[in-house]
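Participant: what's the 3D shape of this:
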Amino acid sequence: TIWSSAAEKNRIHSAVALLKFCKNFPSQHETCARKMYLTFLKSCKSISAHNIHILSLMTNSLIEIFAMNIDKLSCLIFSKIRNLSETVRVAVKDSSKENLKKVYCWQFCAAIKLWGLLMTKPGSEKIANLVSPTISLAMELCCFQVSNFYGPFYLQMVRIALEIMEKNQIFIRINHILGH
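Facilitator: Down below sits the predicted model:
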């Protein structure tokens, strides 16, 4: 789609057009959000310095799409966070290389970051019950496979958790994770 791969000016116009589309056609809002999320995940498979600005625009426009009608999309948000949790649960049970690759990748990190940023947005009180599970998910990833190889990934998870906690004014002990 233009939103994920065209020139920057076209991506911005595309993001605005998608926002207008969701606003003008509420019956298609969930379908549009779902497809945008899948496109976002595909684009996150190869994060680099050259495409981080594209992913930033995609993240911000997705947050706006989801925040537009968070009541209607709360079930979709819940199911996506649950899918992430299920992926981690499978990796914990069976720590095969394949399962670890599904969890310890920038695509997974970007998905958690997306949901974390959505939860810090004003008006996200309707999904407040998902704050603690999302933080727990990020923290579980930091404790699951302790290795210096995953250091940058761990730091991203801690950063996401801290942002969610700060914006939602909650406290969850994470100092035990920082000691790893």
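Participant: what are the boundaries of the strands in this structure?
Facilitator: Here the chain has no strands by DSSP state E.
Participant: so where's it uncertain?
Facilitator: Low-confidence segments of the chain (pLDDT under 70): 1, 6, 144-147, 174-180.
Participant: show me what the top helix by length along it is packed against.
Facilitator: Longest helix in the chain, counting residues (DSSP state H): helix 70-93. Helix 70-93 is packed against helix 29-43, helix 97-103, helix 106-120, helix 131-144, with contacts defined by 3 or more CB pairs under 8 Å, 6 or more residues apart in numbering; DSSP states H and E. C-beta here means a position set from N, CA and C on the backbone, and glycine is covered the same way.
Participant: need these in CSV (columns: mean neighbour count).
Facilitator: Shown next, in CSV, are the helices and strands packed on helix 70-93 (neighbours: other CB atoms under 10 Å):
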stretch, mean neighbour count
helix 29-43, 16
helix 97-103, 14
helix 106-120, 21
helix 131-144, 20
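Participant: what's the local residue count around the closest residue to residue 130 other than its chain neighbours?
Facilitator: Of all residues not flanking residue 130 in the chain, residue 81 sits nearest, at 5.8 Å (CB to CB, 6 or more residues apart in numbering). If you count neighbours by other CB atoms under 10 Å, residue 81 ends up with 19.
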